[in-house]
Structure formats: C-alpha cells, structure tokens
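Peer 1: Fold the stuff below for me.
(chains A, B, C and D)
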There are 2 protein chains.
Amino acid sequence: MTETGPPAEDLTARARIRDAALEMFAEHGMKGATFRGIAEAAGVSVGLVQHHFGSKQELREACDAYALDTIHRLSAEKIDGIGDPGFLARAMRIDLPVRRYLARALVDGSPAAARVFDDLVDTTETYFTAPLPPGVNAPATTDVHGYAAALVAITIGMEVLHEHLSRVLGADTFTPEGALRLRRALFDVFDDRLLSPELAARARAAMREYESGGFGRTARAGDGAPTEEGP
Amino acid sequence: MTETGPPAEDLTARARIRDAALEMFAEHGMKGATFRGIAEAAGVSVGLVQHHFGSKQELREACDAYALDTIHRLSAEKIDGIGDPGFLARAMRIDLPVRRYLARALVDGSPAAARVFDDLVDTTETYFTAPLPPGVNAPATTDVHGYAAALVAITIGMEVLHEHLSRVLGADTFTPEGALRLRRALFDVFDDRLLSPELAARARAAMREYESGGFGRTARAGDGAPTEEGP
DNA sequence: TTGGAAGCTGAACGTTTGTATGGGAGGAGG
DNA sequence: CCTCCTCCCATACAAACGTTCAGCTTCCAA
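Peer 2: The predicted model follows:
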C-alpha cells in the first residue's frame, strides 16, 4: 500500500481524501469530523468518500493504518536519511499531520494510537536496557518500565497540548522557532535539579512511608499531579 | 453558586445533571456527549436538562464555570485543609471528575480549560521568581516562562494521557497505587541526569548554532519531540 | 382553599448525521 | 460500434441530534 519512498501517486483523490480526513479528525475529533466536511476539504463529493472508504469507521481505520505505517516507515528511514537534504522537509510534510492525528486519536481512543504509545514505551525501555551510547547515562531508577512510560508520556504530552503550549510560549511549537523554545525549556527542566538532595531524599522517604502505610487508609489519589509547584 | 464547604444541596437534580454532564463530556468529548445520554446518566428526562441549562453550549459553559470554581476553591482550601482528615477524600471525590473534564476540555478546546492552563503557568512562574522555600532551588534557565510552561505541560499531560499511562503501568493512575508509581517514575526522571555534562553542553551548543543559522534554512520543525530516546 | 411558581415529563419539530442508491463521464479492449 | 470498468457525482433516506412546547405534579404563600 505504501511505497518506501514518498508516495508518488499522492495526488489521487483517494490520497487527498485520506489527508483531509487526517486533518479533520485531528482538528475536530473523531466525532466532530463529518463526511461532508472531509469531502469538501478534499474537494470531492460525499459519495466518493464512501466509494473509497466504505463507512466512517473504515475511513478512520484507514487513517489509523496510514498513521501507523507512516510512523514506522519514517522512523526506519530516519536512520539513513538524516544526511539527505530535503528529507527532513519532506518527512515533516508527511509526518506532522500524522502526529497531530495521533495526538488527537490518543485522547479520542484509537487502538492504533494506543499501539503507537505502547510501542514507544517498549522502544524506549529497550533503549535503556541495552548498552547506551557514550554520554548517555543509564536511568537511575528501579522501575525502568515506569521511567520509559513517563518519558514517553512527557514527549507525547507536548504534542497533545501543542495548542496551549504554543499560546503560552507565544510561538507555534510546530514551527522551528516555537519548537526550539520548547526544546530548550524541556532541556532545562531535564538538566536541572529543582530539589536539593536532602529534600529529594525526604520526598522519596515520604513516598515509601505512604506506600507501606496502606496508602493512607483512605483513598488519597486526588493529589496525583506530581512535582507541580511546591512540595 | 458554590459554598465554601462541600455543597450540601448536591443531591438536587441540577447538580446531578451537572455531574453527569461533567462525566459525559470528559469521556465522550464535547461533541460525543449527547443530551439524551446525559439525561439518562443523571436519571432525569431530556427536557429537564434543557430546563435547567438552556442549550448544550450553556450546559458546557456551566460545566466550565463549575470546573473553574472548583479548581480555585479547592486550591484555596488545600492550604489549611491539609490536616483535616476526610478532606482529601472529599476533595478527591469532587476534584477528580473536574480534572478529568478539564483534561478533555483542553483537547476539545474550551476557553475555561485554556484559562486554567494559563493560570497554572502564571502561578508556577510566580512561584519560581518569588523567594523559594528551603530545599527548592531556583530553576537554572534563562527562560523561566518557558520553564514553567514545560513543567505545567508535563503535569497536565499526565492527566490527559491518563488512560494510556494506566494501561502501560498496569495500574490506574487515578488510584493511589497507580499514582504512586507514576509519581515515582516522574520523580526519577526529574531527579536524574540522563545526559553527561559534556553531551548536554554539546546539545545546547547545537541548539544555539541551529538558531543562529536561521533554523537550518529549510523548515525542520518535524523533529520537535525533544529528549525522546537518543541524542 | 386558591393561585402561581418551580421542578419535571413526554412527545414533537427541524436539522444534521452516516449511509444507500442510481446514474453519468471517460477511457480500454474487443 | 458496443461494453465494461473505474472514477465520480447528486440525491434520497433513516437515525440521531439539539431544541421546542404543552402539560403534569408538588409545594409554598396568600
């Protein structure tokens, strides 16, 4: 279905519909996007949408499959295409809508998006358990799986909250300028130690105590937003 | 509209409808939730929903206002209610649906949710520029605003991606067990230094060079997912 | 007791949705 | 020429949606 290179026949009506659906699903959600809206965005009739993709569910699954395939294909090409000028621009043109789609699909509940998330966690965990490149330290944790999950969630969260981050930062985080500013900020957060070693040790001790105490006898998950502002 | 304590009249049909709407909006999105579904969940007729809250838009705005008010009220009470036994349980019962609602509203695009996000960034930024409590270091960054935005986005992202984090971690992150595991993992990530000082310095230099070079002449924002797995 | 407001219901209306259907334009092969 | 096939469009229709409306209780004040 997909070529290894850039799909040459990407001007077909079917591809245009798929792209329009990707965008509409990403912007209005799986329920908010309509057949007629997609058809109009693609410049075709409503009937053609269902001629190519039978039902809305099938159109959505086609988008899922395309997104899944694109993610895998681009991550495979990324390895040896990193030196090719124009590859990044081409990759971004295809990649960006897919990432926006997947970000929305994660919230709206799509099996494909969930799988991408799980795969990312697996990949990250494997990356950390395998021999690491020089300069990269092994994560100091007893729960590499959780560590990887948190890392992936942070990364994906930036995409899901893209709109709000862009507004707050004053620059679209999908443009080079905004992406750089966000990257710098994230880098600072990761390279920084907000808590002194003593306070960090106390926090860890408190978590252990909390755990051994049967989670405080009454349900206390309400304050589950960690490291937000104060201790 | 809201008492300072726990709303005693929370058994009224209006409150039941509001709670049901909160839940439905959180689960199915603003477009996916229906009047009839909300009415059924609240155990009332469709007409009553319309009687109390005129239109769907108004119902949504009522949920927004309630969520906004709850967030502010709870954060105010949190200061002196932290010692009160049962307060956390009560707070969680009210707080949790609101947080789930806001997490969904952030993606579906609600002014109130956006405001909560902005306020959180402001609060965090102010927290960092004001004198810090002992044990908390000032963030080592030249962009405190971006730093605060990244921190808030990370926190909120955990709530938005709650479903996937729970699946991957094997425990609902809204229960004490799952929340603790996630908190530990996040704590490890924040307290850890994945990159050696040399590599971190190189990464910073690369970002500066990238910036001064006009963002690489061609659009390169596609790889905007920072610190994901490799360098 | 009477009256009216408030809480609540069920049935209806018009619109929008996803989907089904019939048919037309244009080339390929016989 | 005809025929088939693919691509494509306009319309039709049932279901679900938000919304409207007339009427039923319940309760409290006059």
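Peer 1: Let's verify A:Val44: helix, strand, or coil?
Peer 2: The three-state assignment at A:Val44 reads coil, by DSSP: H, G, I helix; E, B strand; the rest coil.
Peer 1: which strands and helices sit next to the top helix by length along chain A?
Peer 2: Identified as the longest helix of chain A according to DSSP state H is helix A:56-81. If you count contacts as 3 or more C-beta pairs under 8 Å, 6 or more residues apart in numbering or on different chains; DSSP states H and E, helix A:56-81 packs onto helix A:13-32, helix A:87-108, helix A:111-129. In short, each C-beta sits where N, CA and C put it, glycine included.
Peer 1: A:Arg202 - nearest residue in space that isn't next to it in sequence?
Peer 2: The shortest distance from A:Arg202 to any non-neighbouring residue, by C-beta to C-beta, 6 or more residues apart in numbering or on different chains, is to B:Gly135 (7.9 Å).
Peer 1: Show the contacting residues for that neighbour.
Peer 2: Contacts here follow C-beta atoms under 8 Å, 6 or more residues apart in numbering or on different chains; on that basis B:Gly135 touches A:Leu195, A:Ser196, A:Glu198, A:Leu199, A:Arg202, A:Pro231.
Peer 1: I'd like to know which of these are buried.
Peer 2: A:Leu195, A:Leu199 (16 or more other C-beta atoms under 10 Å in any protein chain shown).
Peer 1: Out of the contacts of B:Gly135, name the ones that lie in helices.
Peer 2: Counting by DSSP H, the contacts of B:Gly135 contribute A:Glu198, A:Leu199, A:Arg202 to helices.
Peer 1: The second one against B:Val136, yeah?
Peer 2: Yes. With contacts defined as C-beta atoms under 8 Å, A:Leu199 counts as touching B:Val136 at a distance of 6.9 Å.
Peer 1: Check what pLDDT the residue nearest to A:Arg202 gets.
Peer 2: Looking at B:Gly135, its pLDDT reads 86.
Peer 1: Distance of it relative to A:Thr141?
Peer 2: 21 Å (C-beta to C-beta, to the nearest Å).
Peer 1: A:Arg184 too?
Peer 2: For A:Arg184, the distance to A:Thr141 - C-beta to C-beta - is 25 Å.
Peer 1: Of the two, which one has the most company?
Peer 2: Here A:Arg184 and A:Thr141 are compared on neighbour count by other C-beta atoms under 10 Å in any protein chain shown; more neighbours surround A:Arg184, at 22 against 19.
Peer 1: List the buried residues in stretch A:108-116.
Peer 2: So stretch A:108-116, judged by 16+ other C-beta under 10 Å, has buried residues A:Asp108, A:Ser110, A:Ala112, A:Ala113, A:Ala114, A:Val116.
Peer 1: which of those residues lies closest to B:Ala67?
Peer 2: A:Asp108 (20.2 Å; C-beta to C-beta).
Peer 1: per-residue confidence at the residue nearest to the closest one when sequence neighbours are not counted?
Peer 2: The shortest distance from A:Asp108 to any non-neighbouring residue, by C-beta to C-beta, 6+ apart, is to A:Met30 (4.5 Å). Note for A:Met30: predicted pLDDT of 96.
Peer 1: Equivalent analysis for A:Pro6, please.
Peer 2: In this model, A:Pro6 carries a pLDDT of 38.
Peer 1: From A:Arg90, how far out is A:Thr129?
Peer 2: Applying C-beta to C-beta to A:Thr129 and A:Arg90 gives a distance of 33 Å.
Peer 1: Okay, now the unreliable bits of chain A?
Peer 2: Applying pLDDT under 70 to chain A picks out residues A:1-11, A:78-88, A:214-231.
Peer 1: which residue is nearest the centroid of it?
Peer 2: Residue closest to the average C-alpha location in chain A (C-alpha atoms, centre = their mean): A:Ile156, at 3.5 Å.
Peer 1: Wait, a helix at that residue?
Peer 2: Yes. Applying three-state DSSP, one finds A:Ile156 inside a helix.
Peer 1: Contact residues of chain A facing DNA strand D?
Peer 2: A:Thr12, A:Ala13, A:Arg14, A:Val44, A:Ser45, A:Val46, A:Gly47, A:Leu48, A:His51, A:His52 (C-beta under 7 Å from any atom of the strand).
Peer 1: Mind giving me the ChimeraX command for buried ones among those residues?
Peer 2: In ChimeraX, this line selects whichever of these come out buried by 16+ other C-beta under 10 Å:
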select /A:14,44,48,52
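Peer 1: filter the residues of chain A next to DNA strand D down to the ones close to DNA strand C.
Peer 2: Okay, of those touching DNA strand C (C-beta under 7 Å from any atom of the strand), that's A:Val46, A:Gly47.
Peer 1: Which of the residues of chain A next to DNA strand D sits closest to DNA strand C?
Peer 2: Nearest to DNA strand C among the residues of chain A next to DNA strand D is A:Gly47, at 4.3 Å by C-beta to the nearest atom of the strand.
Peer 1: Could you count how many residues lie near A:His164?
Peer 2: A:His164: 24 surrounding residues under other C-beta under 10 Å.
Peer 1: pretty sure it contacts B:Ala153?
Peer 2: Yes. Between A:His164 and B:Ala153 there is a contact under C-beta under 8 Å: 7.4 Å.
Peer 1: where's A:Asp188 relative to DNA strand C, distance?
Peer 2: 43 Å (C-beta to the nearest atom of the strand, to the nearest Å).
Peer 1: Quick check: residues of chain A near DNA strand C?
Peer 2: Near DNA strand C, when you scan chain A using C-beta under 7 Å from any atom of the strand, you find A:Ala33, A:Thr34, A:Phe35, A:Arg36, A:Gly37, A:Val46, A:Gly47, A:Gln50, A:Gly54, A:Ser55, A:Lys56, A:Gln57.
Peer 1: contacting residues for A:Ala138?
Peer 2: Taking C-beta under 8 Å, 6+ apart as the test, what A:Ala138 contacts is A:Phe128, A:Leu132.
Peer 1: how would you label it: helix, strand or coil?
Peer 2: coil.
Peer 1: so is A:Pro131 in a helix, a strand, or just coil?
Peer 2: Classification of A:Pro131 by three-state DSSP places it in coil.
Peer 1: Backbone dihedrals for it, both of them.
Peer 2: phi -60, psi 130 (degrees, to the nearest 10).
Peer 1: any idea how far DNA strand D is from it?
Peer 2: 49 Å.
Peer 1: Can you report how many residues neighbour that residue?
Peer 2: 6.
Peer 1: Spit out the contact partners of the closest residue in space to A:Ala39 that isn't next to it in sequence.
Peer 2: Among residues not flanking A:Ala39 along the chain, A:Val46 sits closest, at 4.5 Å (C-beta to C-beta, 6+ apart). Residues in contact with A:Val46, defined by C-beta under 8 Å, 6+ apart, are A:Phe35, A:Arg36, A:Ala39.
Peer 1: can you rerun that using 10 Å?
Peer 2: A:Thr34, A:Phe35, A:Arg36, A:Gly37, A:Ile38, A:Ala39, A:Glu40 (C-beta atoms under 10 Å, 6 or more residues apart in numbering or on different chains).
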